[in-house]
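Visitor: Following is a predicted model, sequence given first.
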Amino acid sequence: MVDVLPEPRRGADDGKGTTAGGPGGAGRDTGAGKVRRQLPRWSEVRPLLRPRPFIADGVERRLSRAHTIADLRALARRRVPRSVFDYVDGAAESEIGIGRARNAYHSVEFRPRVLRDVTSVDTSVDVAGRSSALPLVLAPTGFTRMMHHEGEIAVARAAAEAGVPYTLSTMGTTSIEDLVRAVPEGRNWFQLYLWRDREASARLVDRVIAAGVEALVLTVDTPVAGLRMRDVRNGLTVPPTLSPRTLADMSLHPAWWLNLLTTKPLEFASMSFWNGTVEDLVQHMFDPGATTADLAWLRDRWPGKLIVKGIQDVSDAVAVVELGADAVVVSTHGGRQLDRAPAPLELLPQVVRAVGDTAEVLIDTGLSSGADLVAARALGASAGMVGRAYLFGLMAGGRRGVGHALGILGREATRTLQLLGVPRMADVSGEHAALRTGG
């Protein structure tokens, strides 16, 4: 058998210090180890020129450049006044706690398995007794129409389209009745603060019952308002105050101001109108005297799923479950109440061991990717709650921006499952991830 060698390519080195085509290579590099250069032909360049198609719709064009939640955050920062962005982005005091919460997710070590069929994966899980497309709940956030004039209804619609629950806040700018009418197909939850005025709290609970809400989320980590220094320095009020500083800001964000001034007045839908700082409102409303007796009162009054949010200690988790809570949320309020509080992800396994057999355990604070959702599942949570992630999307592009954020989280979760070698989110467990303890 004879081996036939391919003919050398045009201009290839002939092994004699010259290049094919003539002695010395006539204007080409010569010598051993030198690279031959030539001007590319148009036929060679043309296939490489693939300009991005022009997208006429401004919102779609803007969102097409956002591939992560961090990208959406950067877009959001440019779309709204600084005080509004800082309200969403900021945390309590020196913001140490939120940093620790996020770093806990950074310390997760995944433990992938190989040669598993992950051609397709199922990201759905059961959350609060019903199937959810992702282990995800959109957390309650206040003053949502301040971030974008479409507000809570836009968020609820995006959540319904994505197949995940949405939680309307007591501090929301849309009433529970309007939300349910606008998005009757959604998994609509409601978040409650216990007010100093218990009769007002009772009337609000009765409204929520009448609206047919699926679950009630009682937030218990706000006996007083946390000190959020960004809001203090920005002088944030609801509605925004027209001052020389805010008037100057109009020139930088005209679209935001136009939408604010030409749509329904910004106010709290679950209470009488308030005109003052966020901190003053919280101090006026929240009750530092609330105790476990108030939780027992609420359990007797509320007929549906009762979820207690703001658990930062194992014994508290045990106590609220004994009083009838169906689920708890290990949470530090997005790092916005007590600075230097425990990192929820580090506390999560202990809470799951203590109450996981009798109640569902969710987690909030620090999640910013689909991989974080998978990590939370691996450490025992049924689902993670996110607030900032979807608010960045809302600020960047309204309802479509929220949908874009949820799409990012979904794609990241899907890819993480595939790389882990786990075809079903419901099968993710402690064998697939752990917190690194050093190094």
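Guide: Yep, that arrived. Numbers count the residues shown, from 1 in each chain.
Visitor: ok, the closest residue to residue 388 other than its chain neighbours - contacts?
Guide: In space, and not counting its chain neighbours, residue 388 is closest to residue 88: 5.9 Å by CB to CB, 6 or more residues apart in numbering. In this view, the C-beta of every residue, glycine as well, is placed from N, C-alpha and C. Counting by CB atoms under 8 Å, 6 or more residues apart in numbering, residue 88 makes contact with 76, 141, 147, 388, 391, 392, 395.
Visitor: Just confirm residue 88 is within a helix.
Guide: Yes. Counting by DSSP: H, G, I helix; E, B strand; the rest coil, residue 88 falls inside a helix.
Visitor: for this structure, what spans make up the strands?
Guide: If DSSP state E is used as the criterion, the strands of the chain fall at 108-110, 125-127, 130-132, 136-138, 166-168, 188-192, 215-219, 237-238, 276-277, 305-311, 327-330, 360-364, 383-386, 433-435.
Visitor: Dump stretch 327-346 to PDB, keeping only the CA atoms.
Guide: Coordinates of the C-alpha atoms in stretch 327-346 are reproduced here as PDB (Å, rounded to 0.1, in the frame of the first residue of the first chain):
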ATOM      1  CA  ALA A 327     -44.000  27.300  55.500                       C
ATOM      2  CA  VAL A 328     -41.100  29.500  56.600                       C
ATOM      3  CA  VAL A 329     -38.800  31.700  54.600                       C
ATOM      4  CA  VAL A 330     -35.200  31.900  55.800                       C
ATOM      5  CA  SER A 331     -34.600  35.600  55.000                       C
ATOM      6  CA  THR A 332     -32.900  38.800  56.100                       C
ATOM      7  CA  HIS A 333     -35.300  41.000  54.100                       C
ATOM      8  CA  GLY A 334     -32.800  41.300  51.300                       C
ATOM      9  CA  GLY A 335     -30.200  42.600  53.800                       C
ATOM     10  CA  ARG A 336     -32.400  45.600  54.300                       C
ATOM     11  CA  GLN A 337     -33.200  45.300  58.000                       C
ATOM     12  CA  LEU A 338     -30.500  44.200  60.500                       C
ATOM     13  CA  ASP A 339     -27.000  44.500  59.000                       C
ATOM     14  CA  ARG A 340     -24.600  41.600  59.800                       C
ATOM     15  CA  ALA A 341     -27.500  39.200  60.200                       C
ATOM     16  CA  PRO A 342     -26.800  35.500  59.300                       C
ATOM     17  CA  ALA A 343     -26.400  34.600  55.700                       C
ATOM     18  CA  PRO A 344     -29.600  32.700  54.900                       C
ATOM     19  CA  LEU A 345     -28.000  30.000  52.800                       C
ATOM     20  CA  GLU A 346     -25.700  29.100  55.600                       C
END
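Visitor: can you give me the mean pLDDT across it?
Guide: This predicted structure assigns stretch 327-346 an average pLDDT of 97.
Visitor: Pull out the buried residues from it.
Guide: Going by neighbour count (16 or more other CB atoms under 10 Å), the buried part of stretch 327-346 is 327-339, 341-346.
Visitor: Narrow these to those in helices?
Guide: Counted as lying in helices by DSSP state H, out of those, are 344, 345, 346.
Visitor: ok, for the last one, nearest residue in space, not its chain neighbours?
Guide: In space, not counting the residues next to it along the chain, residue 346 is nearest to residue 104; the distance is 5.3 Å by CB to CB, 6+ apart.
Visitor: about what we covered before: which one of the strands of the chain has the lowest average pLDDT?
Guide: Looking over those, mean pLDDT reaches its minimum on strand 276-277, with a mean of 60.
Visitor: Switch the strands of the chain over to a markdown table; also include distance to residue 94.
Guide: Rendered in a markdown table, the data for those read as follows (distance: least, CB to CB, whole Å):
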| stretch | distance to residue 94 |
| --- | --- |
| strand 108-110 | 24 |
| strand 125-127 | 34 |
| strand 130-132 | 35 |
| strand 136-138 | 28 |
| strand 166-168 | 28 |
| strand 188-192 | 26 |
| strand 215-219 | 23 |
| strand 237-238 | 24 |
| strand 276-277 | 20 |
| strand 305-311 | 20 |
| strand 327-330 | 22 |
| strand 360-364 | 20 |
| strand 383-386 | 23 |
| strand 433-435 | 24 |
